[in-house]
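In: When you get a sec, could you give me coordinates for this:
(one chain, ligands or ions: 1)
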Amino acid sequence: MQRTQKSEFGHSNDVIAGWRRAVGAALDLGAKTPFYLFCPNSVADRLGQLDALDFGRPVRHWYSCKTQPLAAQLRWWNRTGRGAEVVSEAEFHLAAGCGFDTDRLLVNGPAKYRWLPEISRSRLRVNFDSPTELRELLPVAIRDHWRLGIRLRTPEEFDPGAPELPTQFGFEPSEAVSAIRLLRKQGLEPETLHFHLRTNIVNADCHARALASVVEMCQAARFCPKYLDIGGGLPPPHTRAKDGSSLAARFRLTAWAAILRRTWDTLPGVQELWLENGRFLLAGSGALCIRILDAKRRGDLRQLIADGGRSLHALVSLWEDHALLPLVPLGGRRIKTAVYGPTCMAFDQLALRPMSQGIHPGDCLVWLDAGAYHLPWETRFSHPHAEIWWDEGDTIRCERR
Ligand SMILES: Cc1ncc(COP(=O)(O)O)c(C=O)c1O
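Out: Residues are numbered from 1 along each chain as shown. This is a model prediction of the structure:
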């Protein structure tokens, strides 16, 4: 019974105990707070969860490099034989340096004509993002026999702050039809139709609506892609919105797979489904360890000031709540507690919630699910970057001092 019991944010007691053990082991090896600790085990579990679904087509997973640009994790992923999706020159070099060959590199993202021609390779896989990009990159695409894709902006992609406005990514449907015709005039046929809705998609119906617009555009262009690349966006388990609701509660993986299965009736030529999930696969692979430096009491609020926090290490805490645990389990009464990082910003608040009154300066806290969009959004505001530790198999080692 003890093994499957759920506690903080739906994590099992086993998972929590595992992180406490690994963070403690890193400290014993000399890790200095604040530090991140990453471990690939949960990535393998999440991949297994997706691979158990019936999509009606083989699935290819691409590592979303932007979500966790960490060489050790990329090398682990590379050993599974899968590919990496990159959106910048820096990510391209990182993935190539970790051993991904041309066949397992997928180049995405806007305005890549600024850097891609210099490092182009024969038979590279590139998803075009705009008519300008297509015009600029077409000679290189022809010269190097690129394998091409078109990113479509579906009506499901809008500015979260102003839903009446579209996002800036991809081709509008009529532009996509013209792009496919232009490519055909050059004797080229795109292989891939790509879209990416957004991150933390609330439920799978968004995909049904987006896929309807994909089908419409494909019919207008008399185009049937070989690969349908639906990007990422699945919400990770164990993280919550600021209103306390689970980000993943309404996303049903089986309903999502059924929506994709139905798509093949209208796009029968699709041979593979491509996924680029970052957050879902990687969030659970990281933890951030910080140490309490000071404590204050303001009325009924206890304020804990730590050596790490939102501004430096966990920007996602602006819109997400994660499990935040004392390294050593503490019982006792929970009191209203705010945990801050060390920077001179009131903004630097990692969490506000009831926590054990037994936490004191000198104690370590562990922020879980720090594997997605923590490293790419870390800052050096008054302080240097945190250490990075890597836990794989029986070894824990420092990846960045
Ligand atoms: C093209 C593309 N693919 C995949 C991802 C990964 O998204 P997520 O981490 O929400 O799965 C992103 C994120 O911005 C993206 O832009």
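In: From now on I want contacts and neighbour counts done on CA atoms only, so please keep to that.
Out: OK.
In: Close to the ligand: what parts of the stretch 1-150 of the chain are there?
Out: Proximity of the stretch 1-150 of the chain to the ligand, by C-alpha under 6 Å from any ligand atom, involves residues 64, 67.
In: which stretches of the stretch 1-150 of the chain form strands?
Out: Ranges of strands in the stretch 1-150 of the chain, per DSSP state E, counting those that start in this stretch, are 35-38, 59-64, 83-86, 105-107, 125-128, 147-151.
In: In a markdown table: these, plus mean neighbour count.
Out: Supplementary listing: the strands of the stretch 1-150 of the chain in a markdown table, determined by neighbours: other C-alpha atoms under 10 Å:
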| stretch | mean neighbour count |
| --- | --- |
| strand 35-38 | 29 |
| strand 59-64 | 22 |
| strand 83-86 | 25 |
| strand 105-107 | 22 |
| strand 125-128 | 27 |
| strand 147-151 | 24 |
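In: Nearest to Arg333, out of these?
Out: strand 35-38 (28.1 Å; C-alpha to C-alpha).
In: Pairing-wise in the sheet, spell out the partners of Ile388.
Out: Counting by DSSP bridges, Ile388 forms beta bridges with Tyr36, Arg400.
In: What is the neighbour count of the nearest residue to His11 once chain neighbours are set aside?
Out: The spatially closest residue to His11, leaving aside those adjacent along the chain, is His238, at 6.6 Å (C-alpha to C-alpha, 6 or more residues apart in numbering). Other residues near His238 number 20, with proximity taken as other C-alpha atoms under 10 Å.
In: export the strands of the stretch 1-150 of the chain to JSON lines and tack on distance to Gly371 and mean pLDDT?
Out: As requested, the strands of the stretch 1-150 of the chain are arranged in JSON lines below (distance: least, C-alpha to C-alpha, whole Å; pLDDT from 0 to 100):
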{"stretch": "strand 35-38", "distance to Gly371": "7", "mean pLDDT": "98"}
{"stretch": "strand 59-64", "distance to Gly371": "12", "mean pLDDT": "98"}
{"stretch": "strand 83-86", "distance to Gly371": "17", "mean pLDDT": "98"}
{"stretch": "strand 105-107", "distance to Gly371": "21", "mean pLDDT": "98"}
{"stretch": "strand 125-128", "distance to Gly371": "26", "mean pLDDT": "98"}
{"stretch": "strand 147-151", "distance to Gly371": "27", "mean pLDDT": "98"}
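In: can you redo these as CSV with distance to Glu157?
Out: As requested, those are arranged in CSV below (distance: least, C-alpha to C-alpha, whole Å):
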stretch, distance to Glu157
strand 35-38, 31
strand 59-64, 19
strand 83-86, 20
strand 105-107, 20
strand 125-128, 17
strand 147-151, 12
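In: pLDDT at Arg3, what is it?
Out: Here the pLDDT value assigned to Arg3 is 43.
In: hmm, I was thinking of Ala212
Out: As summarised for this prediction, Ala212 has a pLDDT of 98.
In: Figure out which of the strands of the stretch 1-150 of the chain is closest to His313.
Out: Evaluated over the strands of the stretch 1-150 of the chain, closeness to His313 peaks at strand 35-38, with 8.8 Å, by C-alpha to C-alpha.
In: Can you name every helix or strand that that closest one contacts?
Out: Helices and strands touching strand 35-38, by 3 or more C-alpha pairs under 8 Å, 6 or more residues apart in numbering; DSSP states H and E, are strand 286-298, strand 387-392.
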